[in-house]
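Engineer: for reference, the sequence and a predicted model appear below.
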Amino acid sequence: MKGRTPPGLGTRLVALACYLAALAGLSAWAGFVLLLGLDLLPTRAALPEPWPWVVDLAWLVIFAVQHSGMARTSFKNRWTRWLPPRLERSVYAALSGLLLLGLTLTWQPLDGAAIWRGPTWLVAVPLTAGLCLTLVNLRFDHLGLFGVRQAWDNSDEPSPERLWVLGVYRYIRHPLMACMLVFLWAQPVMAPTLAVLAGGLTLYIGIGIVLEERDLLRRFGPAYAEYRRQVPALVPWRRPASPGVYPEVR
């Protein structure tokens, strides 16, 4: 069987550029949410009704379609017919980051009273959630998630995919999504502008988890079915699962 072509300098530079674009978009979006949650975002000139709703909901739909649609195996198989497979994850991460950046720069303010207003110190909760999200990401293949590892790997064949039941994944199946939900909803001030963003992304996260788990069941079969039976999705309320890696590393 013919192996993969070793990565050239161009491939590696493209992957790095995509990585930076993804981080820029994610960082801008996180700062935007925090400023909204602290009620510190400078006032923007609002579009006449109903255009703020049209713009905001359009961004949510576009992001959901891109982020979830491009993650499906069927799309990847078509996508990599003309895109180098080593760059598939990099381009996906970059497009997600650019969409988050566009959303951040053009998200429209919505009128209405805040759902709640708490003390400023409550921002420690979403900051802790953001820190936990970062730590989990760094612990479990951060560079692979953003496509850098794939583009810089010199091996002829891609690394086999494995189901890692280690660390926080012994307690919940989707720790990144759990941290994201806390980051969105535990803000000191929840005004309509933030509530629509948080609500739309929460709906997307729910749908995304269903689609992702369907793919994982196809990929890992009975191993993932048993893992899903033992470990809750988002809230750790059961005894942690035994650590393991599937298929087993020999």
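Structural biologist: Received, thanks. Numbering: from 1, shown residues only.
Engineer: quick one: least confident helix or strand in the chain?
Structural biologist: strand 244-246 (a mean of 84; mean pLDDT, DSSP states H and E).
Engineer: can you tell me what sits against it?
Structural biologist: Strand 244-246 is contacted by residues 162, 163, 164, 165, 166, 220, 223, 224, 227 when judged by Cβ atoms under 8 Å, 6 or more residues apart in numbering. From N, CA and C alone the C-beta is placed, and that goes for glycine too.
Engineer: residue 106: which of these is nearest?
Structural biologist: Lowest distance from residue 106 to the contacts of strand 244-246 (Cβ to Cβ) belongs to residue 164, with 37.5 Å.
Engineer: okay, now that closest one: neighbour count?
Structural biologist: Counted with other Cβ atoms under 10 Å, residues neighbouring residue 164 total 13.
Engineer: doesn't residue 144 make contact with it?
Structural biologist: No. Residue 164 is not in contact with residue 144 according to Cβ atoms under 8 Å; the separation is 11.5 Å.
Engineer: could you turn the buried ones of the contacts of strand 244-246 into a PyMOL selection?
Structural biologist: With 16 or more other Cβ atoms under 10 Å as the criterion, this PyMOL line picks the buried residues out of the contacts of strand 244-246:
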select buried, resi 163+165+220+223+224+227
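Engineer: quick check: closest non-adjacent residue to residue 194.
Structural biologist: Distance criterion Cβ to Cβ, 6 or more residues apart in numbering; nearest residue to residue 194, sequence neighbours excluded, is residue 36 at 4.2 Å.
Engineer: and stretch 120-137, which residues are buried?
Structural biologist: Buried-residue list, stretch 120-137, by 16+ other Cβ under 10 Å: 122, 123, 125, 126, 129, 130, 132, 133, 136, 137.
Engineer: which ones are touching the fourth one?
Structural biologist: When the contact criterion is Cβ under 8 Å, 6+ apart, the partners of residue 126 are 33, 34, 37, 182, 183, 184, 186, 187.
Engineer: could you redo the last one with a cut-off of 6 Å?
Structural biologist: When the contact criterion is Cβ atoms under 6 Å, 6 or more residues apart in numbering, the partners of residue 126 are 183, 186, 187.
Engineer: how about the third one?
Structural biologist: Contact partners of residue 125, counting by Cβ under 6 Å, 6+ apart, are residue 186.
Engineer: who does residue 163 bridge with?
Structural biologist: residue 246 (DSSP bridges).
Engineer: send me the helix or strand where residue 76 lies as PDB with only the CA atoms.
Structural biologist: Per DSSP states H and E, residue 76 falls inside helix 73-79. C-alpha atoms of helix 73-79 as PDB (Å, rounded to 0.1, in the frame of the first residue of the first chain):
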ATOM      1  CA  THR A  73     -16.400  11.500   7.600                       C
ATOM      2  CA  SER A  74     -18.400  11.700   4.300                       C
ATOM      3  CA  PHE A  75     -17.400  15.300   3.800                       C
ATOM      4  CA  LYS A  76     -13.800  14.600   4.700                       C
ATOM      5  CA  ASN A  77     -13.700  11.800   2.000                       C
ATOM      6  CA  ARG A  78     -14.900  14.300  -0.600                       C
ATOM      7  CA  TRP A  79     -12.800  17.200   0.700                       C
END
